[in-house]
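Enquirer: Predicted structure and sequence below. I'll ask about it afterward.
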Amino acid sequence: MKLLVKAPAKINLSLDVLGKREDGYHEVEMVMTTIDLADHIELSERHDQEIKIVSQNRFVPDDERNLAYQAARLLKTRCGVRQGVEIAIDKVIPVAAGLAGGSSDAAATLRGLNTLWNLGLSLDELATLGAEIGSDVSFCVYGGTALAKGRGENITKLPAPPNCWVILAKPSIGVSTAEIYRQLDLNEVVHPDIPGMIAALYTRDYAGICKHAGNVLESVTLKAYPQVAQIKKQMQRFGADLVLMSGSGPTVFGLVRHDSRLQRIYNGLRGFCGQVFAVRMIGEREQF
Ligand SMILES: C[C@@](CO)(OP(=O)(O)O)[C@H](O)COP(=O)(O)OP(=O)(O)OC[C@H]1O[C@@H](n2ccc(N)nc2=O)[C@H](O)[C@@H]1O
Ligand SMILES: Nc1ncnc2c1ncn2[C@@H]1O[C@H](COP(=O)(O)OP(=O)(O)O)[C@@H](O)[C@H]1O
């Protein structure tokens, strides 16, 4: 039997870091939302016990370093599953981009195998397991829009943002999340107004969302990679309503409501930047 699962990317509308923890991670508060840019994962039953990763993308590891592999191995061990699986990843989300591509592949694998292997686990149980794989996996298990606390695994559902376009610009560099957190100096950052962002989501206030968005990791990535700061400036100049880096970067996203302005920004960035996408927010939890 085969099963197709969608693994959508996320953007961080807000990302605040409150402090460093004893376990080496940082205490965060993030408002995250899923967007309509997704990897496609095909899960096929195998009659041996192996987990096999197949992907055409040379940046995607095909062994146990792959987060989807780790998701399958975790479910196999915890639920005592004997069967194997082939996980074919059709990679659309740029790798190491701040868009949680690997985390979303892991989350989609957890959801998909829960069905394929008839395990009967709830989304909450899958999200708890996901946290063992990576900080962003729990959010990706649910999708939609949420406040993420702790190291990212403590999820509270939020209303979807009002409908708008998201333009993503990914320069041809990859960024190490661990390295960006390591270089963060909390004395230097301006903390975003997370309660303001949450209130704006509840009142469907698009201008309020743009006003209260912020990402403290920009203080590191924009300095270390001037091309990211330059893309941000370009997108602002082309007239996006909000321009912000997603996660640890290097992807920069812009929000716009009007099609005419979307065209102008999209055309202006193409040729100037490695990869450019124009997508919709999903915002709501999907039925998986
Ligand atoms: C920055 C964010 C924002 O959504 O996303 P990305 O830019 O990776 O997409 C996340 O916090 C990333 O989540 P994720 O990529 O799952 O991180 P993990 O694999 O758990 O951790 C990678 C490394 O980042 C650091 N890390 C991560 C999360 C956190 N709350 N504090 C940290 O200090 C740790 O050094 C850890 O070893
Ligand atoms: N399924 C996967 N897809 C992409 N990258 C993966 C995957 N599994 C593991 N990785 C590794 O995770 C790292 C981070 O990739 P990714 O999840 O795309 O970025 P980010 O954490 O910035 O959102 C990459 O360097 C890659 O080697």
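Expert: Great, that's in hand. Residues are numbered from 1 along each chain as shown. Ligands and ions are numbered 1, 2, ... in the order given.
Enquirer: Flag every residue of the stretch 1-150 of the chain that's near ligand 2.
Expert: With the criterion set to C-beta under 6 Å from any ligand atom, the stretch 1-150 of the chain comes near ligand 2 through 60-61, 65-68, 89, 95-103, 105. In this view, the C-beta of every residue, glycine as well, is placed from N, C-alpha and C.
Enquirer: now do the stretch 151-288 of the chain
Expert: So far as C-beta under 6 Å from any ligand atom goes, the stretch 151-288 of the chain lies against ligand 2 at 177, 247.
Enquirer: which residues in the stretch 151-288 of the chain form helices?
Expert: For the stretch 151-288 of the chain, helices defined by DSSP state H, counting those that start in this stretch occupy the ranges 177-183, 194-202, 206-212, 218-224, 226-237, 259-269.
Enquirer: Dump the ones you listed to JSON lines, plus mean pLDDT and distance to residue 20.
Expert: Formatted as JSON lines, the helices of the stretch 151-288 of the chain follow (pLDDT from 0 to 100; distance: least, C-beta to C-beta, whole Å):
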{"stretch": "helix 177-183", "mean pLDDT": "97", "distance to residue 20": "9"}
{"stretch": "helix 194-202", "mean pLDDT": "98", "distance to residue 20": "19"}
{"stretch": "helix 206-212", "mean pLDDT": "98", "distance to residue 20": "25"}
{"stretch": "helix 218-224", "mean pLDDT": "97", "distance to residue 20": "14"}
{"stretch": "helix 226-237", "mean pLDDT": "96", "distance to residue 20": "24"}
{"stretch": "helix 259-269", "mean pLDDT": "92", "distance to residue 20": "35"}
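Enquirer: Dump those to a markdown table, plus mean neighbour count and distance to ligand 1.
Expert: What follows is these, written out as a markdown table (neighbours: other C-beta atoms under 10 Å; distance: least, C-beta to the nearest ligand atom, whole Å):
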| stretch | mean neighbour count | distance to ligand 1 |
| --- | --- | --- |
| helix 177-183 | 15 | 4 |
| helix 194-202 | 18 | 14 |
| helix 206-212 | 18 | 17 |
| helix 218-224 | 19 | 9 |
| helix 226-237 | 17 | 12 |
| helix 259-269 | 16 | 20 |
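Enquirer: if I look at the residue of the chain found nearest ligand 1, how far off is residue 96?
Expert: In the chain, the residue that lies nearest ligand 1 is residue 247 (2.4 Å; C-beta to the nearest ligand atom). Counting by C-beta to C-beta, to the nearest Å, the separation of residue 247 from residue 96 is 10 Å.
Enquirer: and residue 51, what are its bridge partners?
Expert: residue 85 (DSSP bridges).
Enquirer: Hmm, residue 76 and it touching each other?
Expert: Yes. In this structure, residue 51 is within contact of residue 76 by C-beta atoms under 8 Å, at 7.4 Å.
Enquirer: between those two, who's got more neighbours?
Expert: Per other C-beta atoms under 10 Å, whichever of residue 51 and residue 76 has more neighbours is residue 51, with 22 against 18.
Enquirer: ok, now how distant is the more buried one from residue 166?
Expert: Distance, residue 51 to residue 166, using C-beta to C-beta: 33 Å.
Enquirer: Same question for residue 101.
Expert: Residue 101 is 15 Å from residue 166, by C-beta to C-beta.
Enquirer: what's the burial count for residue 184?
Expert: 17.
Enquirer: show me what contacts it?
Expert: 17, 26, 216-217, 219-220 (C-beta atoms under 8 Å, 6 or more residues apart in numbering).
Enquirer: biggest separation within those, which pair?
Expert: Of all pairs drawn from these, the greatest distance, 13.3 Å, lies between 26 and 219 (C-beta to C-beta).
Enquirer: So which of residue 247 and residue 96 has more stuff around it?
Expert: For residue 247 versus residue 96, neighbours defined as other C-beta under 10 Å are more numerous around residue 247 (25 against 18).
Enquirer: what's the pLDDT at that one?
Expert: Looking at residue 247, its pLDDT is 98.
Enquirer: give the contact list for it.
Expert: For residue 247, the contact set (C-beta under 8 Å, 6+ apart) comprises 10-12, 15, 98-100, 136, 177, 215, 217.
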